[in-house]
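K.L.:
here is a sequence with its predicted model. Questions after.
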Amino acid sequence: MTLVPLSGPFLDEREEELVLEVLRSGRLSLGPWIDRFEELFAERVGVPYAAAVANGTAGLHLLCRSAGIRPGDEVITSPYSFAASANCFVYEGGTPVFADVDSRTLNLDPATVEAAVTERTRALVAVDIYGYPCELDELRAICERHGLALIQDSCEALGAVYKGAPVGSHGPPAVFAFYPNKQMTTGEGGMVTTHSEEEWRLLRSLRNQGRADSGGWLEHARLGYNYRLDDVRAAIGIAQLEKLDRMLELRRSAAKLYGELLQDVDVELPAADDADHVRSWFVYVVTLPEGVDREAVIASLDRDGVQSARYLPCIHLQSYMRERFGFSEGLCPVAEDASRRTLALPFHAGIEPAAQERVVAALGSALAAA
Ligand SMILES: Cc1ncc(COP(=O)(O)O)c(C=O)c1O
């Protein structure tokens, strides 16, 4: 029995060709491929500036530095996200405040965000979960009203469209990630988009050990990090950008097929697009009916050679968050309920229709037995 994997990158000879070019150039880091990748990425998203970083988490961390988050500042974010959405400001001593999500989109509910703002709130990290654009305009209005910095965690949303414009282009700085399960990959990697030249220069300095634009290799203008992307990865990124539209389209049609195949299966499908929100398909996550034993479903899928994943555990209920900040169940009931019942199915640009049929058949029998 062949395994249906959860995810996989979409690569061809073009990545090999460009990587070889970098290797043969002898310039493996701080070379011209980074600048080129940044320019092409900025153009694709429709922003003036993009700064490549080692991974999405590094990009988020740098934006927290740029926003001036300090120990004791409260930062609001979504509990239904990947841990890095909160870790990025905990690194700076920020205190996480989790606002609950909307049950349909699984993105932050602006009303809960508004209710979570206090005198100490300094910033908001808004996540476009599973590639579905968050309620940016409402969240932005809250941030403007209360003088908060807004950071967009768009790590899962490259190619998504909010109110007619690409996610990442609307104004607040945004971060994208390129781990191999993402819409495009560089192995490890990330990108920050911004409209501010000043912020872009700061990000480039912070990622490069605090070196300034002018000054020598051993001169450091500020406390920085080694969060650089290297040229080998930038070359992979350029090859991936060249076929991004095709990869997004393949993901879109795979999602459409799942939607059709799952019509008669007792699961809730991911939130549909509307005029303001066009999802970029990152993962395919269904919600199991209440009362179904998710572990039994996962075990049954496993026996049928179908990988699945418990996307996503609530961040506030992770052991380190409970220990450090005293969070417990009941803080964000909507996110917690979703978190118990959601399940990611195999999904990537190269998934074959026959594999999707196998997944759905296996899910159907798993649910019948659960
Ligand atoms: C919502 C979200 N934020 C942040 C990250 C962090 O990205 P990376 O794994 O590249 O550090 C990811 C990716 O896993 C993510 O899905």
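P.N.:
Arrived safely, thanks for sending.

K.L.:
and the residue in the stretch 201-350 of the chain that the ligand sits nearest to, what element?
P.N.:
Across the stretch 201-350 of the chain, the shortest distance to the ligand (Cβ to the nearest ligand atom) belongs to Phe282, at 7.7 Å. All C-beta spots, glycine's among them, are computed from the backbone N, C-alpha and C. Per DSSP states H and E: Phe282 is located in neither a helix nor a strand.

K.L.:
surely it meets Tyr130?
P.N.:
Yes - between Phe282 and Tyr130 there is a contact under Cβ atoms under 8 Å: 5.4 Å.

K.L.:
common neighbours of the two, please.
P.N.:
Residues touching both Phe282 and Tyr130 (Cβ atoms under 8 Å, 6 or more residues apart in numbering) are Glu156.

K.L.:
do a quick rundown of the helices in the stretch 51-200 of the chain.
P.N.:
Along the stretch 51-200 of the chain, the stretches classed as helices by DSSP state H, counting those that start in this stretch are 56-66, 84-90, 110-116, 136-146, 197-207.

K.L.:
contacts for the fourth one next, please.
P.N.:
Put plainly, it is helix 136-146. 108, 110, 113-114, 117, 121, 124, 126, 148-150, 152, 162-163, 170-172.

K.L.:
how about it: buried residues?
P.N.:
The neighbour-count check on helix 136-146 (16 or more other Cβ atoms under 10 Å) flags 136, 138-140, 142-143 as buried.

K.L.:
picking that back up, looking at the helices of the stretch 51-200 of the chain, spot the one closest to Phe325.
P.N.:
Of all these, helix 84-90 sits nearest to Phe325, with 8.8 Å by Cβ to Cβ.

K.L.:
what's the pLDDT at the residue in the stretch 51-200 of the chain that the ligand sits nearest to?
P.N.:
For the stretch 51-200 of the chain and the ligand, the shortest gap (Cβ to the nearest ligand atom) falls at Gly56, measuring 2.6 Å. pLDDT recorded at Gly56 is 99.

K.L.:
low-confidence stretches in the chain?
P.N.:
Under the criterion pLDDT under 70, no range of the chain is flagged.

K.L.:
what residues does it have near the ligand?
P.N.:
Selection of the chain residues close to the ligand by Cβ under 6 Å from any ligand atom yields 55-57, 81-82, 84-85, 127, 153, 155-156, 177, 179, 190.

K.L.:
can you do 5 Å?
P.N.:
Proximity of the chain to the ligand (Cβ under 5 Å from any ligand atom) is limited to residues 55-57, 81-82, 84, 153, 155-156, 177, 179.

K.L.:
which among those residues end up buried?
P.N.:
55-57, 81-82, 84, 153, 155-156, 177, 179.

K.L.:
inside strands: which ones of those residues?
P.N.:
Using DSSP state E, the subset of these located in strands is 153, 177.

K.L.:
and the furthest pair within the buried ones among the residues of the chain next to the ligand?
P.N.:
Farthest apart among those by Cβ to Cβ are Asn55 and Ser81. That separation is 15.6 Å.

K.L.:
got the contact list for Ala366?
P.N.:
Applying Cβ under 8 Å, 6+ apart to Ala366 gives the contacts 296-297, 300-301, 304.

K.L.:
pull the most distant pair out of those residues.
P.N.:
Greatest spatial distance among these (Cβ to Cβ): Ala296 and Asp304, at 12.9 Å.

K.L.:
who's more crowded, the two?
P.N.:
Higher neighbour count among Ala296 and Asp304: Asp304, with 16 against 13, using other Cβ atoms under 10 Å.

K.L.:
ok, now which ones touch the more buried one?
P.N.:
Residues near Asp304 by Cβ under 8 Å, 6+ apart: 1, 358, 362, 365-366.

K.L.:
of the residues you listed - the most surrounded one?
P.N.:
Taking other Cβ under 10 Å as the neighbour criterion, Ala366 ranks highest of these with 26 neighbours.

K.L.:
I'd guess it is in a helix, am I close?
P.N.:
Yes - Ala366 sits within a helix when classified using DSSP: H, G, I helix; E, B strand; the rest coil.

K.L.:
from Ser308, how far out is it?
P.N.:
Separation of Ala366 from Ser308 (Cβ to Cβ, to the nearest Å): 9 Å.

K.L.:
cool, Ser25 as well?
P.N.:
Look at Ser25 and Ser308: by Cβ to Cβ, they are 42 Å apart.

K.L.:
who's more crowded, the two?
P.N.:
Set Ser25 next to Ser308 and count neighbours by other Cβ under 10 Å: Ser308 wins out with 24 against 13.

K.L.:
that one and Phe347 touch, don't they?
P.N.:
No - Ser308 sits out of contact with Phe347 when judged by Cβ under 8 Å, with a separation of 10.2 Å.

K.L.:
mutual contacts of those two, please.
P.N.:
Common neighbours of Ser308 and Phe347 are listed as Leu6 (criterion: Cβ under 8 Å, 6+ apart).

K.L.:
and the strands in the protein?
P.N.:
Going by DSSP E, the chain shows strands at 49-53, 74-77, 95-98, 121-127, 149-153, 161-162, 165-166, 174-177, 190-194, 277-278, 284-287, 342-345.

K.L.:
just these: most buried one?
P.N.:
Greatest average neighbour count among the strands of the chain goes to strand 174-177 (a mean of 30), per mean count of other Cβ atoms under 10 Å.

K.L.:
walk me through which strands that one pairs with, and which way each runs.
P.N.:
Paired neighbours of strand 174-177 in the sheet (DSSP bridges): strand 149-153 (parallel), strand 190-194 (antiparallel).

K.L.:
compare those strands and give me the one nearest Gln183.
P.N.:
Evaluated over these, closeness to Gln183 peaks at strand 190-194, with 12.1 Å, by Cβ to Cβ.

K.L.:
now Leu367. Nearest residue, chain neighbours left out?
P.N.:
Leaving out its chain neighbours, the residue that sits closest to Leu367 by Cβ to Cβ, 6 or more residues apart in numbering is Asp266, at 5.9 Å.
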